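Peer 1: sequence first, then the predicted structure, then my questions.
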Amino acid sequence: MSNATDTNWFSSFFSGAALDLWRRAIPVEQTEEEVQFLGEVLGLEETSRVLDVPCGNGRLCIPLGLCIGSVVGVDTSDEFIEEANRSALAHQSNCQFLKADMRKLDFKAEFDGAYCMGNSFGYFDKEGTLRFLKAVAASLKNDARFVIDSNMIAESFLVNGAGKEWVQVDGIYMLVENRYNCHESLVETTYTFLSDGKEEKREAIHWIYTAGELCKMLKQSGFEIVELLESTDGDAYSLGSERLLLVAQKS
């Protein structure tokens, strides 16, 4: 692996223009669909307690916290945690937000469900990923479900991923430049954000796992696989699907 990108890139990535674009990128309709999907596949009830990791600015936490017992969101971004707390208070949503490393969760069989949404999977190498999955498993009650959402799974990214592309969201432009490392099975990405005449650059890494590798790591971490989907509509995941929604259950 080259030294161009710090493997802890996520600790400083989420600020400024990167967060501005993320706030604007996801339509309300998608959030509503994902909240409904999570409620159904996790089997949530009015008294359920759920873990969102990483939670970002509470996009999913806050609407979920209005219809279930409580949601705990974990993230490393101070800016997003502060924004999520303000929003939860304004909406009177039953949420709690904590700054913590996804691999070092300090919960013991507390939650009735958990999810990792927003394409936030793949930040770590295999060792770090196993630590994350085992930390989530330890946080869940027996038979509780866990949802992973990613478009960086090999069957998706290696078919659909572009070397370079421009993205425009409202008044923000983002240039995405991917460099795939075959030796490490990871993609190093340079993001260039252009907004209000200013330019910001960010570097990121995503480790690329096949769906089969992910399933094996989940089983190794104490989960059984329930289903692999390509959308919140419930269609089955297959080679070339743009997105994986994997549902697992703590065994």
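Peer 2: Looks like it arrived, so ask away.
Peer 1: in the sheet, who's paired with residue 186?
Peer 2: On the basis of DSSP bridges, residue 186 is bridged to residue 181, residue 207.
Peer 1: residue 236 now?
Peer 2: residue 229.
Peer 1: residues contacting it?
Peer 2: Contact analysis of residue 236 by Cβ atoms under 8 Å, 6 or more residues apart in numbering lists 227-230. For every residue, glycine as well, the C-beta is placed using N, CA and C.
Peer 1: just the buried residues of these.
Peer 2: 228-230 (16 or more other Cβ atoms under 10 Å).
Peer 1: contacting residues for residue 155?
Peer 2: The contact partners of residue 155, by Cβ under 8 Å, 6+ apart, come to 210-211, 237-241, 244.
Peer 1: what do you get if the cut-off is 10 Å, keeping everything else the same?
Peer 2: For residue 155, the contact set (Cβ atoms under 10 Å, 6 or more residues apart in numbering) comprises 208-212, 228, 230, 237-241, 244.
Peer 1: domain ranges for this protein, per the record?
Peer 2: Split into domains by automatic domain parsing, the chain comes to 10-150+209-250, 157-204.
Peer 1: packed most tightly, which of those domains would that be?
Peer 2: Each of these was scored by mean neighbour count; the highest is domain 10-150+209-250, a mean of 18, by mean count of other Cβ atoms under 10 Å.
Peer 1: can you give me the mean pLDDT across that domain?
Peer 2: Here domain 10-150+209-250 scores 96 as its mean pLDDT.
Peer 1: having no further points to raise, I will conclude here.
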